[in-house]
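**Q** Following is a predicted model, sequence given first.
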Amino acid sequence: MTRFGRPQVLALVCIAVLFGILALGAAPFHAPGNQVTWIGVRPGIRLGDYGTLSSSRAFDASAMRDPAACSVEIWMRSNRRSDFNTFLAFYTPESAHRFSMHQSLSDLAVSTLAKSQHWTIPMLYVDHIFREGKPVFLTVTLSVHQAAIYLNGSLAKTSRDFPFQSGDCTGRLILGDSPLQPDSWSGQMLGLAIYDRALTPVEAARNYRRWMTEGRPAAAGEAGPVALYLFDEDAGDRVHDRAGGLDLDIPASYGVVDKAMLEPVWSEFHMTESYWIGNLKNVIGFIPLGVCFFAYFRFVRRSRHAVLATAILGAAASLTIEIFQAYLPTRDSGTTDLVTNTLGTVLGAMLHKSAAPRLIAVFPWLGFLYPIAETGAKTDAG
């Protein structure tokens, strides 16, 4: 190569790799439609891969008889074996995570503490709740003294250590997703009731039988729910509250209520398969960036700190992606990716140092990764 030699080819490849990574990190470039539809043949709504709905205003603690206790009844059917997804959460700007309910594989998980407060989030689990395509009726009763979970009217688990505090069942109600990051749950919701007290075991069993036979809870009047959603509208963009007037809105486009930017590592951490696979992909995805730009900084720019310069570039590219993703409803914006992407960049640089000469010997067309050979200059690969 003469007029257009290896250094120029390397620069073009580096630019292509950089813009390719930026494009992949920012895709898709639009908000998808909100995948919430009415079942039609019977009461209920169906949530797809990206679907959510939320209350038009917040549940007010001052309007509740006992803000230090609450109960939730939900009749639902899961469409998939979710790794970890949120299907119900209460939210306020001051405390993004109050009481929330999640599907973890086939298990139910409930929590009240904000993720950002703890490395290990206290959660109450009940194993093997969800079966794909099979409806389940869950009752969760909470107070400062005890939490209890009922499956189809029967007690499944209790805990006196569950960290429930006054007001954890207040704020905006979010269904089908997390309030901070895309965490969509896919399935059907067939009925939902919320109470401002802890139901007794007798009430939990009685309400389950009534829901199954009449499609609504047994309690009425002062003992009834403060919010009741029967999902029987069959059309429209609103689910009406049959108890207190706190309707649920169905937006036209999918979006996260209060999308977080650069969520902390400890808040994103999950001991789930998808979490580790995603991190591995982030490391691998930035290795080509490290390979290309290490070669550019080392052999074209003749930098003595090529690894450091490459790592800084990788971190800057990752930060740019995470800032973009804060405005993309289907993407997570977090600091974990900054760590894994920078690690991948450094691994790429180290891979070039150790393997480039051997690879070029086998694949001569990769010679642009070692442009110093074209000038005949004497230097090592470090």
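**A** Cool, the structure landed.

**Q** Any stretches of the stretch 201-350 of the chain with poor pLDDT?
**A** 218-222 (pLDDT under 70).

**Q** What segments of it are strands?
**A** 227-229, 238-239, 248-249 (DSSP state E, counting those that start in this stretch).

**Q** try the stretch 1-150 of the chain
**A** Under the criterion DSSP E, counting those that start in this stretch, the stretch 1-150 of the chain carries strands at the ranges 36-38, 45-47, 53-55, 69-78, 82-91, 100-105, 107-111, 123-126, 135-143, 147-151.

**Q** next structured bit after the last one?
**A** Downstream of strand 147-151, the next assigned helix or strand under DSSP states H and E is strand 154-159.

**Q** Okay, angle between that following strand and strand 107-111 too, please.
**A** With axes from the mean of the first three to the mean of the last three CA atoms, to 10 degrees defining the directions, strand 154-159 sits at 40 degrees from strand 107-111.

**Q** List the buried residues of strand 154-159.
**A** Using 16 or more other CB atoms under 10 Å as the burial criterion, the residues of strand 154-159 that qualify are 157, 159. C-betas here are computed from N, CA, C, even on glycine.

**Q** Okay, now the sheet partners of that strand, with direction.
**A** Strands flanking strand 154-159 in the sheet, each with its direction: strand 147-151 (antiparallel) (DSSP bridges).

**Q** Could you check the angle the strand it pairs with makes with strand 100-105?
**A** Angle between the axes of strand 147-151 and strand 100-105 is 50 degrees (criterion: the same axes, to 10 degrees).

**Q** And the contacts of strand 147-151?
**A** When contacts are defined by CB atoms under 8 Å, 6 or more residues apart in numbering, strand 147-151 is touched by residues 108, 110, 124, 126, 129, 136-141, 155-159, 162, 164, 198, 201, 204-205, 208.

**Q** Are any of those buried, and if so which?
**A** 108, 110, 124, 126, 129, 136-141, 157, 159, 162, 164, 198, 204-205, 208.

**Q** picking up where we left off before, next, format the strands of the stretch 201-350 of the chain as JSON lines and append distance to G290 and mean neighbour count.
**A** Conversion of those to JSON lines gives the following (distance: least, CB to CB, whole Å; neighbours: other CB atoms under 10 Å):
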{"stretch": "strand 227-229", "distance to G290": "51", "mean neighbour count": "23"}
{"stretch": "strand 238-239", "distance to G290": "49", "mean neighbour count": "18"}
{"stretch": "strand 248-249", "distance to G290": "46", "mean neighbour count": "18"}
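
**Q** how about JSON lines for those strands, with distance to A23 added?
**A** Conversion of the strands of the stretch 201-350 of the chain to JSON lines gives the following (distance: least, CB to CB, whole Å):
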{"stretch": "strand 227-229", "distance to A23": "41"}
{"stretch": "strand 238-239", "distance to A23": "38"}
{"stretch": "strand 248-249", "distance to A23": "33"}
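
**Q** May I see the strands of the stretch 1-150 of the chain organised as a markdown table, with mean pLDDT added?
**A** As requested, the strands of the stretch 1-150 of the chain are arranged in a markdown table below (pLDDT from 0 to 100):
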| stretch | mean pLDDT |
| --- | --- |
| strand 36-38 | 97 |
| strand 45-47 | 97 |
| strand 53-55 | 94 |
| strand 69-78 | 95 |
| strand 82-91 | 88 |
| strand 100-105 | 92 |
| strand 107-111 | 93 |
| strand 123-126 | 90 |
| strand 135-143 | 96 |
| strand 147-151 | 97 |
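
**Q** Would you tell me which of the ones you listed gets closest to A235?
**A** With CB to CB, the closest approach to A235 among the strands of the stretch 1-150 of the chain belongs to strand 36-38: 6.2 Å.

**Q** how about A205, what does it touch?
**A** Contacts for A205 were tallied using CB under 8 Å, 6+ apart; they are 150, 153-154.

**Q** switch to 6 Å and redo it
**A** Contact partners of A205, counting by CB atoms under 6 Å, 6 or more residues apart in numbering, are G153.
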